[in-house]
Structure formats: structure tokens, C-alpha cells
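Peer 1: model this:
(2 chains)
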Amino acid sequence: MASFFKKILFLFVPLLVGVLQLTAQEYKIYDSLPQLQERIRQAGDSTTLVINFWATWCKPCVEELPCFEELQAYYKSQNVQVILVSLDFKSQLEKKFIPFLKNQKLNCEVVLFSDQDTNEWMPQIEEEWDGAIPATVVFQGPKQGFNLGKFENFGDLEDFVLPFLTEKKNGGIKNFSRSGSGK
Amino acid sequence: MTQHFRPVLFAFSTLFLLFTLGNHLDGPRGYVVGDTAEDFSLKSTEGKQVSLSSFPNAKGYIIVFTCNHCPYAQIYEQRVIDLHAKYAPLGFPVVAINPNSPKVVEEDSFEEMQKRAAIKKYPFAYLCDESQTVFPKFGATRTPHVFILDSLKVVRYIGAIDDNPETPEAVNNKWVEMAVDSLLTGKLPNPDFTRAVGCTVKKKPKTP
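Peer 2: Take a look at the predicted model:
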């Protein structure tokens, strides 16, 4: 009898662990620029890839995260993909990064980018970038846009991304949300 | 004659106006390597007014925009202390400036600066850019952000302390040390500009 329970326990524990892992926020770790570049290449020409560089310790970054979540939700059907690339320290993965993700429940793709040699990789992403975050890069085929600093609201982020959309629907969400908010 | 000159004059004045306006709209862009820095006078955590001229025997200055709250500033704190210990005797003191508004981050208030400087026994001057007028002149955008000046206050290096914030043991290039060593031997730093991640400078919110 006891062995029967043991068997059930053996079945249940891995299942429970599996379920818990599914509900936790997923993230990838990239240790070097080629991994990030490969991810950018994978997106292909039909996708508008928006990469936001942030960190859990960066207050303005955390404040603008909801704008990116909103962007991903509204523009998914127009082939917009948002990747939130965190520059958090790998050594604080358990202490800071994972608890933050659990707390925020982000829907966007999340990457922890741990290459410390900023001076080497940063200009390869964007020559004008001096090191401050938040910073956002948009890729669409050969086109690339760059914004240094925080977007004050969703509208500002939309204005930045709209010129890079591959599929332009009539007016898009922009006019809809603007008229909806009465502005 | 004057009839002829008028359009030319108009064109010139418009151009001039556009140019000055353009400069104004962008705000001060900050120093680039080769510019001469203006001296400043800021209050230190010891309550003294400190300027560059307070170091009459300096062969140069390692100016570090840094602060209390930022994890990147904290991770570099010991390295900044070590820089001063190594280079102040050679004529290159560290001058640390906190550019942040305590209205945005309380932890960066003058009182908190005093506490941190005391606990960590800062051997260098830790100054408060209370009016937030000094960091824009330099063009400091984040903490930590280093500007190395020579004895004539000419900016010779701008950027990061080294190439590995997270793991000091894994550093390959100690950029600030390399730059000061160059200047001490009469050479110009190479590289003289590097990029580094940091916390953005916290500007005082505009009062409506």
C-alpha cells in the first residue's frame, strides 16, 4: 500500500514541478553578441522587431515596461515582436532577476544579456549609443531605428515604431486609442 | 546698394538664428575629448566648497559622476576608492560628483551622501551637484561616468572605468588606469572614449 502511495508521489512531484515551471516567466540567457544577432536575423524581413534594453535596477526602464507590453499586445497581428533584453547581472539571477519576472508576469519575450564588455558590443548594435539605458532599437529588414531614453507614454513608443510596420492597417491602433482616450 | 544687401543680410541672420536656436534646443551637448572644462565649485560631504583649483599641485583630475543608489555605481565603488589611492599620490586625484536629484531618488540626498562617504571612508572629495548645472556641462548621462582632465583642464578621456563591471577579476582593460598612465608619461590616452552601461542621471522634475 505504502509503495502504491510512493508511486503516486513519484508521479505527482515531477508533474507539480513541471506545472510550476510553466507558470513562471520564461527567459533566455545570451552570453555574447552573436547570440543576440542570430535572434535578430531569425526575425526575418516580415517582422518588426523591437528590442528594449533594460534592467531591474533601472527605475525609468521598469516604468516604461508596461508600454512595451501594450505594444506587443496591440501590434502582434501586425508582425511586431518585442524582446526585453535585460542587462542585469547573471550573479543576481536568483536574487533579483527571477523574483522580478515572477512579480511582473511579462508577456513579452525576455532575454538576460550578460556580455559585460559593453564597449565592444554596444557600437555593433548602435553607433550612437553611449551606454545609458533604457534604450530601444527597432529592426525591420534593412531599416533600423534607435531611441535613447524613456518613452513617456504608449503614444510616444507607438510614434517611434509605426514607421517600421510592415503591414499598415488603416490608421491602426494609434488613432483608435487616441480617439478612445479623448485626445 | 542697401537694397542689394538686404536679402543677403536677411538670409544670414536667419541662418544664424536657426543655428543658435538649434544649438539651444538640443541643450548643451557636453564636452568631447579635447575640450577645456570649466571649473566648478560644489559642496563636499565634508561641508567644504571644492573646485578643481582646490588641487593646486594636480597633474590632472579623475572626475567620476557617481551616486549612492545605482547598482553600477556601487559595484564600482571599491574600484573608485582604489583609483584614488593609487593615483592621488601621483597627482591625479579622484573627484566624485553626484549629479542626481534627491527629488527623484531619496537615497542620493546630501545627507545620504555624507553617510555613505563616512561608512565607506571615501578618501576622495564626494561633491553634490545640487543645482544640476555641472553634469550637463560635462555631458554626463549616467553613473558611473568618468572624465579625465589634464593639468590644463583639457578633457583627455571619457567613458567607463574598465570592461567588466560584474567581475573585477575578469577585467581585461582598465581603461581609466590606462588613460592616466598614458598622461603621466606624456602621451594621449588610447582609447580616449569608451561606452559603459550605467544608471541614467536623475534630473529634477520640472515644476509645472
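Peer 1: backbone dihedrals for the closest residue to A:Leu93 other than its chain neighbours, please?
Peer 2: Leaving aside its chain neighbours, A:Leu93 sits nearest to A:Leu112 (7.1 Å; criterion: Cβ to Cβ, 6 or more residues apart in numbering or on different chains). (Glycine included, C-beta is placed from N, CA and C.) Phi and psi for A:Leu112, reported as degrees, to the nearest 10, are phi -100, psi 120.
Peer 1: tell me the confidence at A:Leu112?
Peer 2: Turning to A:Leu112, the model gives it a pLDDT of 97.
Peer 1: repeat that for A:Lys7.
Peer 2: For A:Lys7, pLDDT reads 62.
Peer 1: beta-bridge partners for the residue nearest the centre of chain A, please?
Peer 2: By Cα atoms, centre = their mean, chain A has its centre lying nearest to A:Leu84, at 2.0 Å. A:Leu84 has the following beta-bridge partners by DSSP bridges: A:Asn52, A:Val110.
Peer 1: so what's it up against?
Peer 2: A:Leu84 sits next to A:52, A:54, A:65, A:68, A:106, A:108-111 when contact means Cβ atoms under 8 Å, 6 or more residues apart in numbering or on different chains.
Peer 1: with neighbour count as added columns, please give the residues you listed in TSV.
Peer 2: Listed next are these as TSV, based on neighbours: other Cβ atoms under 10 Å in any protein chain shown:
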residue	neighbour count
A:Asn52	25
A:Trp54	24
A:Leu65	16
A:Phe68	26
A:Leu106	19
A:Cys108	18
A:Glu109	16
A:Val110	20
A:Val111	19
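Peer 1: in these, find the pair that's most separated.
Peer 2: Greatest spatial distance among the contacts of A:Leu84 (Cβ to Cβ): A:Leu65 and A:Val111, at 14.0 Å.
Peer 1: which among the contacts of A:Leu84 gets closest to chain B?
Peer 2: Of all these, chain B sits closest to A:Trp54, with 10.8 Å by Cβ to the nearest Cβ.
Peer 1: backbone phi and psi for that closest one, please?
Peer 2: Taking degrees, to the nearest 10 as the convention, A:Trp54 sits at phi -150, psi -180.
Peer 1: report the contact partners of it.
Peer 2: A:Trp54 neighbours (Cβ under 8 Å, 6+ apart): A:61-62, A:64-65, A:84-87, A:133-134.
Peer 1: pLDDT and secondary structure for those residues - can I get that in CSV?
Peer 2: CSV is the format used below for the contacts of A:Trp54 (pLDDT from 0 to 100; DSSP: H, G, I helix; E, B strand; the rest coil):
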residue, pLDDT, secondary structure
A:Cys61, 94, helix
A:Val62, 95, helix
A:Glu64, 96, helix
A:Leu65, 97, helix
A:Leu84, 98, strand
A:Val85, 98, strand
A:Ser86, 97, strand
A:Leu87, 95, coil
A:Ile133, 91, coil
A:Pro134, 93, coil
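Peer 1: now, of those residues, which are buried?
Peer 2: Among these, those buried by neighbour count (16 or more other Cβ atoms under 10 Å in any protein chain shown) are A:61, A:64-65, A:84-87, A:133-134.
Peer 1: need these in JSON lines with distance to A:Leu33, can you?
Peer 2: Output for these, formatted as JSON lines (distance: Cβ to Cβ, whole Å):
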{"residue": "A:Cys61", "distance to A:Leu33": "20"}
{"residue": "A:Glu64", "distance to A:Leu33": "24"}
{"residue": "A:Leu65", "distance to A:Leu33": "23"}
{"residue": "A:Leu84", "distance to A:Leu33": "17"}
{"residue": "A:Val85", "distance to A:Leu33": "11"}
{"residue": "A:Ser86", "distance to A:Leu33": "15"}
{"residue": "A:Leu87", "distance to A:Leu33": "13"}
{"residue": "A:Ile133", "distance to A:Leu33": "16"}
{"residue": "A:Pro134", "distance to A:Leu33": "19"}
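Peer 1: how about those residues, which pair is most distant?
Peer 2: A:Glu64 and A:Leu87 (14.8 Å).
Peer 1: output the below-cut-off pLDDT ranges for the chain.
Peer 2: As the question left the chain open, I've gone with chain A. Within chain A, the stretches with pLDDT under 70 are A:1-25, A:168-183.
Peer 1: wait, I meant chain B there
Peer 2: B:1-28, B:208.
Peer 1: ok but A:Ala73 is inside a helix, no?
Peer 2: Yes: A:Ala73: assigned to a helix according to DSSP: H, G, I helix; E, B strand; the rest coil.
Peer 1: cheers, nothing more for now.
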